[in-house]
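[1] missing the sequence, but the structure's below:
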């Protein structure tokens, strides 16, 4: 197991800069008053394909040798990694095959196809996903870019925290959603060197709280097919991300489905940015645990903005 | 009639800088490909009270003498000017009275009250609004800050175009929505000196196209109580804004209600920003008239983001 280093993150940032956006940081006096904290929201939903995952995906795609690149890339993903890998592959002009759960939001499938990604559908469980993927990879020979348990991907995601610290002149804490742990791991990788005083806090849906239970138990606990509105956070930790979570994360908080929906709507209203449910989990956790964040400078990563605008979770029917 | 000057805009910018945000500019490769133009979106919806009108309102409020300020300010508005004037008055700690149509979106009324503005409701017609306002102003003695036909307000709105040109290194055209014409007038004021080669184009709902008809006729045509989903654009031109529109605007385009809704949804999806229907009219007009914009660097002003998230226009029921 190769553990990516701070230098890998710096190299990733140089490599991917032409292909990503330095996303802006939003603030809201209203949300600051409400929480008693000073909140900074890093708008990764403003990446062209709508999610931070373009960072790790671009680092993997543009790090391939020419020989490797000809066979393209392949992955399985609950959504945003798939579209971001397709996007990066399109920019380099190489093939991209993705295995996606058939239940993934239509908006995410559309995005993958728009970027030229070829989708093979699987059942919404880890086991079905891995089985289907093995077949696809055997058929195509594409380089496997895991959505999070890949040092190239973690180094790429870590570039977000670097920008965030520079844009805010420092933070007491960074809160990011946790699913498989790619963004959290990249954040730990970067901050443990760049800003070791900044605590890294993970935010997870109660309904898919395997990272929380792993963190408390001291070893990886993986659930098969948990369900949450935060559809980007349903995958389990793996060895690489567990390394970062177990060594560098200060705390994991969880939020209920309703708390996630309420936080999402509140953010849409006051930040006026379109974020997906997964991205609302950090704000939900801050609202639920005000004492833990009060009077701190808190960075929250808005990880993605790919939602089905016809099926917003606070609308009836 | 005092016509504000470029120096008034510069003075306004210095005066209001502590109270406004320099809002970011968003781009979307997807929307560029779709239109064949290079589009830049200035996110005035990211102002704390959610609209560009905080610029003009702050310029008026912070330009008052101490003696004037004690009596506060008063206005009538279809929504965003009311909340932005209340916000600026709150920052200075002075009273703000506003007359609003009873049909204004609940979200806009809530915002005014959150900022300490006192609302008196009127019928949704220009005549009822002016009559009610006369009573309120007589009772309070507040300084009347007209939502657009006021040189302080126009000079304030003009600061947006100044930032926009600096942030983009120049534009071939700027497209902004037109209702009473405050933003368009401020844009004309600034660009006619700063970037006289940049054309100013107004975008208006077909269902409330009095500015379009005025522009073609060569004199102000005012409608009483037009109806459009673009609820920020229902008021008529006045002498000051007519001065700028008739002298500096290159063209006015109109879009149907459905075209506005479609453009709004498209922008939410691809820019991932929450904009109100009025703010989608420029994109609707660009999509409707591709030949007029193709191959140009086009700036579009997202004027506001105060929408009722429970009543999105593309949702049934």
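    Everything's here; your move. What you are looking at is a predicted structure, and each value in this text was computed from that prediction instead of being measured.
[2] do the helix or strand encompassing residue A:280 and chain B meet?
    Per DSSP states H and E, residue A:280 falls inside helix A:277-288. No: for helix A:277-288, no contact with chain B is found by Cβ under 8 Å from any Cβ of the partner chain; the gap never falls below 10.4 Å. Any C-beta I mention is one placed from the backbone N, CA and C, and that applies to glycine too.
[3] that helix: which residues count as buried?
    For helix A:277-288, burial by neighbour count (16 or more other Cβ atoms under 10 Å in any protein chain shown) applies to A:277, A:278, A:279, A:280, A:281, A:282, A:283, A:284, A:285, A:286, A:287, A:288.
[4] residue boundaries of the strands in the stretch 51-200 of chain A?
    Counting by DSSP state E, counting those that start in this stretch, the stretch 51-200 of chain A has strands at residues A:73-76, A:96-101, A:118-122, A:143-144, A:173-177, A:199-205.
[5] can you put these in TSV and add mean pLDDT?
    Shown next, in TSV, are the strands of the stretch 51-200 of chain A (pLDDT from 0 to 100):
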stretch	mean pLDDT
strand A:73-76	94
strand A:96-101	93
strand A:118-122	95
strand A:143-144	96
strand A:173-177	98
strand A:199-205	98
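[6] re earlier: for the buried residues of helix A:277-288, which one is nearest residue B:25?
    residue A:279 (21.8 Å; Cβ to Cβ).
[7] local confidence estimate at the closest one?
    If you check residue A:279, the pLDDT there is 98.
[8] C-terminal to the helix holding residue A:280, which secondary structure element comes first?
    Using DSSP H and E, the helix or strand that follows helix A:277-288 in sequence is helix A:290-293.
[9] what sits against residue A:112?
    Shown in contact with residue A:112 (Cβ atoms under 8 Å, 6 or more residues apart in numbering or on different chains): A:82, A:83, A:86, A:98, A:100, A:119.
[10] any idea how far it is from chain B?
    Distance of residue A:112 to chain B, given as Cβ to the nearest Cβ, to the nearest Å: 14 Å.
[11] what about that residue, distance to residue A:99?
    Residue A:112 is 11 Å from residue A:99, where distance means Cβ to Cβ, to the nearest Å.
[12] quick check: neighbours shared by the two?
    Common neighbours of residue A:112 and residue A:99 (Cβ under 8 Å, 6+ apart) are residue A:119.
[13] so which bits of the stretch 1-150 of chain A are right by chain B?
    Going by Cβ under 8 Å from any Cβ, the residues of the stretch 1-150 of chain A near chain B are A:24, A:26, A:28, A:29, A:30, A:45, A:46, A:48, A:50, A:107, A:114.
[14] just flag the most distant two among the residues you listed.
    Comparing all pairs in these by Cβ to Cβ, the longest separation belongs to A:29 and A:114, at 36.9 Å.
[15] around residue A:67, how many other residues sit close by?
    7 (other Cβ atoms under 10 Å in any protein chain shown).
[16] quick one: pLDDT of it?
    Residue A:67 is assigned a pLDDT of 94 by the prediction.
[17] what about it, distance to chain B?
    Applying Cβ to the nearest Cβ, the value for residue A:67 to chain B is 29 Å.
[18] before we move on, what about residue A:90?
    In terms of Cβ to the nearest Cβ, residue A:90 sits 11 Å off from chain B.
[19] ditto for residue A:272
    Distance from residue A:272 to chain B, by Cβ to the nearest Cβ: 4 Å.
[20] my read: that residue touches residue B:50, true?
    Yes: Residue A:272 is within contact range of residue B:50, at 6.3 Å (criterion: Cβ atoms under 8 Å).
[21] which residues are common contacts for those two?
    Shared contacts of residue A:272 and residue B:50, defined by Cβ under 8 Å, 6+ apart, are found at residue B:305.
[22] neighbour-wise, which of those two wins?
    Neighbour totals were compared for residue A:272 and residue B:50, and residue B:50 leads with 30 against 23 (other Cβ under 10 Å).
[23] wait, doesn't residue A:194 sit right on residue A:161?
    Yes: counting by Cβ under 8 Å, residue A:161 is a contact partner of residue A:194 at 7.4 Å.
[24] of the two, which one has the most company?
    The residue with more neighbours, out of residue A:194 and residue A:161, is residue A:161; 28 against 18, by other Cβ under 10 Å.
[25] who's in contact with the more buried one?
    A:174, A:186, A:187, A:190, A:191, A:194 are the contacts of residue A:161 under Cβ under 8 Å, 6+ apart.
[26] which stretches in chain A count as helices?
    A:6-16, A:29-35, A:54-63, A:66-71, A:80-92, A:106-114, A:126-140, A:151-168, A:182-194, A:210-217, A:239-248, A:257-270, A:277-288, A:290-293 (DSSP state H).
[27] pick out the shakiest of the ones you listed, pLDDT-wise.
    Note on the helices of chain A: lowest mean pLDDT is at helix A:106-114, with a mean of 85.
[28] chain center to it: distance?
    Averaging C-alpha positions (Cα atoms, centre = their mean, to the nearest Å) puts helix A:106-114 17 Å from its chain's average.
[29] so residue A:163 touches residue A:20, yeah?
    No: assessed by Cβ under 8 Å, residue A:163 is found out of contact with residue A:20, at 9.5 Å.
[30] picking up where we left off before, next, the angle from the helix holding residue A:280 to strand A:199-205.
    110 degrees (axes from the mean of the first three to the mean of the last three Cα atoms, to 10 degrees).
[31] which other helices and strands contact helix A:277-288?
    Contact here means 3 or more Cβ pairs under 8 Å, 6 or more residues apart in numbering or on different chains; DSSP states H and E; on that basis helix A:277-288 packs against helix A:29-35, strand A:173-177, strand A:199-205, strand A:249-255, helix A:257-270, strand A:297-302.
[32] partner strands of the last one, with direction?
    Spelled out, it's strand A:297-302. According to DSSP bridges, strand A:297-302 forms sheet pairs with strand A:38-43 (parallel), strand A:173-177 (parallel).
[33] pipe these into JSON lines and attach mean neighbour count per row.
    Output for the strands paired with strand A:297-302, formatted as JSON lines (neighbours: other Cβ atoms under 10 Å in any protein chain shown):
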{"stretch": "strand A:38-43", "mean neighbour count": "23"}
{"stretch": "strand A:173-177", "mean neighbour count": "28"}
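[34] any idea which of those strands gets closest to residue B:157?
    strand A:38-43 (25.2 Å).
[35] could you report the neighbour count for residue A:138?
    9.
[36] that one and residue A:76: what is the separation?
    In terms of Cβ to Cβ, residue A:138 sits 14 Å off from residue A:76.
[37] what's the answer for residue A:229, then?
    21 Å.
[38] so which residue is dead centre in chain A?
    For chain A, the residue nearest the mean C-alpha position is residue A:183 (4.9 Å; Cα atoms, centre = their mean).
[39] which ones are touching that one?
    The contact partners of residue A:183, by Cβ under 8 Å, 6+ apart, come to A:52, A:157, A:160, A:176, A:177, A:301, A:303.
[40] and those, which is closest to chain B?
    Sorting the contacts of residue A:183 by distance to chain B puts residue A:303 at the head of the list, at 11.9 Å, by Cβ to the nearest Cβ.
[41] and the pLDDT at the closest one?
    The model reports residue A:303 with a pLDDT of 98.
[42] ok, and for stretch A:215-234, which residues are buried?
    Buried positions in stretch A:215-234, judged by neighbour count with 16+ other Cβ under 10 Å: A:215, A:220, A:221, A:226, A:228, A:229, A:230, A:231, A:232, A:233, A:234.
[43] coming back round to it: how far does the helix holding residue A:280 sit from its chain's centre?
    Using Cα atoms, centre = their mean, the offset of helix A:277-288 from its chain centre is 14 Å.
[44] now do that helix and helix A:80-92, the angle between them.
    Helix A:277-288 and helix A:80-92 are oriented at 130 degrees to each other (the same axes, to 10 degrees).
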